[in-house]
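Undergrad: sequence? don't have it. structure:
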């Protein structure tokens with residue numbers, strides 16, 4: 001199996017050496033990537049197919065075709081770190097996913113997940129297997145399931161209507177209704193579907209062994225195709241709360257962000273994440289943690305106010321990334337941007353898009369708040385301290401302000417949460433305390 005890694009927006013040339021990829025494998029990878037929902041109308045939203053190379057875009061993850069795997073990693077550099085290793089980037093990406101999906105990765109699990117030798121896919125499979133084995137040892141969840149059956153002896157209660165209509169001519173048979181404690185429930189069907197899918201993807205020997213053991217433990221559970229799984233019937237309560245993280249991992253590996261391709265001339269698999277969406281979810285989750293117990297409340301993808309009205313009917317509905325509310329209403333709108341802003345010495349505007357500025361100015365008017373923020377990831381080409389720069393909107397010394405800020409996502413979760421809380425506090429404080 002050929003395995004290659006590159007960073008988002010970087011290229012990999014065609015060739016036969018260890019730093020390249022053959023044109024035949026590149027064509028197969030392009031075919032798999034082109035079926036992803038992230039591919040877009042032109043089919044190149046994940047990978048661009050060029051005459052001499054492949055170019056990754058702002059989607060990360062693993063694309064696999066027969067005989068080849070291509071891993072795309074995000075550019076998440078620590079302050080002062082010019083060139084992060086693949087191992088460091090995998091760690092940071094997995095921990096961002098863990099925060100966004102509310103998955104706990106303790107020090108014991110983190111130490112030996114294979115950050116250096118394996119791809120992102122194998123690491124996520126290994127994490128799932130370890131949590132799954134630990135949960136199965138405590139017992140597979142069961143629930144009472146209602147059954148209706150025609151039996152020679154009464155079980156449960158008699159279905160009088162059916163007995164004296166459909167079975168009126170069969171007095172030897174009784175129409176029974178009863179409840180039976182069974183493991184064949186939606187939660188276990190989801191876990192079995194995840195195990196079955198990962199068994200076809202795993203290449204690491206330890207992952208293959210763990211998945212075989214789990215497959216045996218779930219042999220009595222009905223096999224349900226991923227598209228037919230009943231996520232809505234999954235109930236988590238105090239008796240099965242330990243399955244919360246596993247259900248979140250299963251969604252990650254099977255759900256809306258997981259694409260499986262097995263149609264056409266090329267079989268393939270893709271586990272892909274859009275970094276702009278992941279960055280938004282990561283920031284929102286940490287903001288919710290940081291501001292819990294304060295006067296502020298964080299909501300995501302809310303608002304839904306219209307920009308324009310036509311004969312009383314709203315048009316062009318808005319959906320800001322993050323809204324920060326207080327007792328008086330919306331205090332600030334935060335729009336996350338997974339883009340690399342430039343040092344101020346190179347560009348006074350720091351590469352901030354004019355369209356993004358217009359969008360935030362519109363949010364300020366539509367949501368009637370005097371603070372709006374563009375939040376970017378910090379990177380090594382910027383100054384050591386994260387940016388927090390305030391601009392007056394429309395007129396000098398005006399009441400409304402747009403804040404352009406960065407956050408160092410390579411830091412620990414607690415450090416990022418504290419930095420975000422401090423950023424919100426300074427941005428909502430009086431003018432003389434907000435500009436850095």
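TA: Good, I have the coordinates. Every value quoted in this text rests on a predicted model; they were computed, and no experiment measured them.
Undergrad: and the strands in the stretch 301-436 of the chain?
TA: If DSSP state E, counting those that start in this stretch is used as the criterion, the strands of the stretch 301-436 of the chain fall at 306-310, 313-317, 322-326, 329-336, 371-377, 388-392, 401-407.
Undergrad: okay, now the unreliable bits of the protein?
TA: The chain contains residues with pLDDT under 70 at 107-111, 255-267, 346-347, 430-436.
Undergrad: residues contacting whatever residue is furthest in space from the centre of it?
TA: Most distant residue from the mean C-alpha position of the chain: residue 169, 57.6 Å away (C-alpha atoms, centre = their mean). With C-beta atoms under 8 Å, 6 or more residues apart in numbering as the criterion, no residue contacts residue 169. To be clear about C-beta, it is placed using only N, CA and C from the backbone, and glycine gets the same treatment.
Undergrad: tell me which of the strands of the stretch 301-436 of the chain is the most buried.
TA: Burial among the strands of the stretch 301-436 of the chain, expressed as mean neighbours by mean count of other C-beta atoms under 10 Å, is greatest for strand 371-377, which shows a mean of 24.
Undergrad: what are the ranges of the helices in the stretch 201-350 of the chain?
TA: 205-217, 244-254, 275-290 (DSSP state H, counting those that start in this stretch).
Undergrad: closest one to residue 46 among these?
TA: Taking C-beta to C-beta as the criterion, residue 46 comes closest to helix 275-290 out of those, the separation being 11.7 Å.
Undergrad: picking that back up, for the strands of the stretch 301-436 of the chain, give me CSV that also has distance to residue 229.
TA: Conversion of the strands of the stretch 301-436 of the chain to CSV gives the following (distance: least, C-beta to C-beta, whole Å):
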stretch, distance to residue 229
strand 306-310, 35
strand 313-317, 31
strand 322-326, 30
strand 329-336, 30
strand 371-377, 34
strand 388-392, 44
strand 401-407, 36
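Undergrad: and the residue farthest from the centre of the chain, which helix or strand is it part of?
TA: Secondary structure from DSSP states H and E places residue 169 outside every helix and strand.
Undergrad: tell me which of the strands of the stretch 301-436 of the chain lies nearest to residue 106.
TA: For the strands of the stretch 301-436 of the chain, the distance to residue 106 is smallest for strand 401-407, at 24.1 Å, taking C-beta to C-beta.
Undergrad: in its sheet, what does that closest one sit against?
TA: strand 371-377 (parallel), strand 388-392 (antiparallel) (DSSP bridges).
Undergrad: how far away from the center of its chain is the helix or strand where residue 162 lies?
TA: Assignment of secondary structure by DSSP H and E places residue 162 within helix 160-163. Offset of helix 160-163 from its chain centre (C-alpha atoms, centre = their mean, to the nearest Å): 50 Å.
Undergrad: same deal with stretch 153-161?
TA: Distance of stretch 153-161 from its chain centroid, counting by C-alpha atoms, centre = their mean, is 48 Å.
Undergrad: what's the answer for stretch 393-400, then?
TA: The mean C-alpha position of stretch 393-400 is separated from the chain mean by 37 Å, C-alpha atoms, centre = their mean.
Undergrad: cool, stretch 406-421 as well?
TA: With C-alpha atoms, centre = their mean as the basis, the distance from the averaged C-alpha position of stretch 406-421 to the chain average is 18 Å.
Undergrad: list the buried residues for it?
TA: By neighbour count with 16 or more other C-beta atoms under 10 Å, stretch 406-421 contains the buried residues 406, 407, 408, 409, 410, 411, 413, 416, 417, 419, 420, 421.
Undergrad: from the residues you listed, pick the one nearest residue 207.
TA: residue 413 (26.2 Å).
Undergrad: quick one, what contacts the closest one?
TA: Residues near residue 413 by C-beta under 8 Å, 6+ apart: 95, 99, 286.
Undergrad: how about 7 Å then?
TA: 99, 286 (C-beta atoms under 7 Å, 6 or more residues apart in numbering).
Undergrad: how near is it to residue 397?
TA: Spatial separation of residue 413 from residue 397 under the definition C-beta to C-beta, to the nearest Å is 38 Å.
Undergrad: so what's residue 174 bridging to?
TA: Under the criterion used here (DSSP bridges), residue 174 is bridged to residue 151.
Undergrad: residue 168 and residue 175, how far apart?
TA: 10 Å.
Undergrad: please read the previous query as pertaining to residue 224.
TA: 28 Å.
Undergrad: when those two are compared, which one has more neighbours?
TA: The neighbour comparison of residue 224 against residue 175 (other C-beta atoms under 10 Å) goes to residue 175, with 21 against 17.
Undergrad: from memory the more buried one sits against residue 167, does it?
TA: Yes: in this structure, residue 175 is within contact of residue 167 by C-beta atoms under 7 Å, at 5.5 Å.
Undergrad: now the helices for the stretch 51-200 of the chain?
TA: 86-101, 107-111, 120-137, 160-163, 186-201.
Undergrad: between the longest one and helix 186-201, how big is the angle?
TA: Relative orientation of helix 120-137 and helix 186-201, computed by axes from the mean of the first three to the mean of the last three C-alpha atoms, to 10 degrees: 140 degrees.
Undergrad: reformat the strands paired with strand 401-407 as JSON lines; add distance to residue 132.
TA: Below are the strands paired with strand 401-407 laid out as JSON lines (distance: least, C-beta to C-beta, whole Å):
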{"stretch": "strand 371-377", "distance to residue 132": "32"}
{"stretch": "strand 388-392", "distance to residue 132": "42"}
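Undergrad: just so I know, which of those strands lies nearest residue 140?
TA: Distances from residue 140 to each of the strands paired with strand 401-407 were compared by C-beta to C-beta, and the smallest falls on strand 371-377, at 40.8 Å.
Undergrad: what about the closest one, distance to the chain center?
TA: Centroid separation between strand 371-377 and its chain, computed with C-alpha atoms, centre = their mean, is 21 Å.
Undergrad: tell me what angle that strand forms with helix 275-290.
TA: 120 degrees.
Undergrad: strand 371-377 to strand 322-326, inter-axis angle?
TA: Per the same axes, to 10 degrees, the angle that strand 371-377 makes with strand 322-326 is 140 degrees.
Undergrad: select, out of the helices of the stretch 51-200 of the chain, the one closest to residue 312.
TA: Evaluated over those, closeness to residue 312 peaks at helix 86-101, with 38.6 Å, by C-beta to C-beta.
Undergrad: can you tell me what sits against the closest one?
TA: Judged by C-beta under 7 Å, 6+ apart, the contacts made with helix 86-101 from elsewhere in the structure are 5, 60, 73-74, 76, 105, 115-116, 120, 123, 248, 252, 278, 281-282, 285-286, 409-410, 413.
Undergrad: give me that answer again for 8 Å
TA: Applying C-beta under 8 Å, 6+ apart, the set of residues contacting helix 86-101 from outside is 5, 7, 60, 71, 73-76, 78, 81, 84, 103-105, 110, 113, 115-116, 119-120, 123-124, 127, 248-249, 251-252, 273, 278-279, 281-282, 285-286, 409-410, 413.
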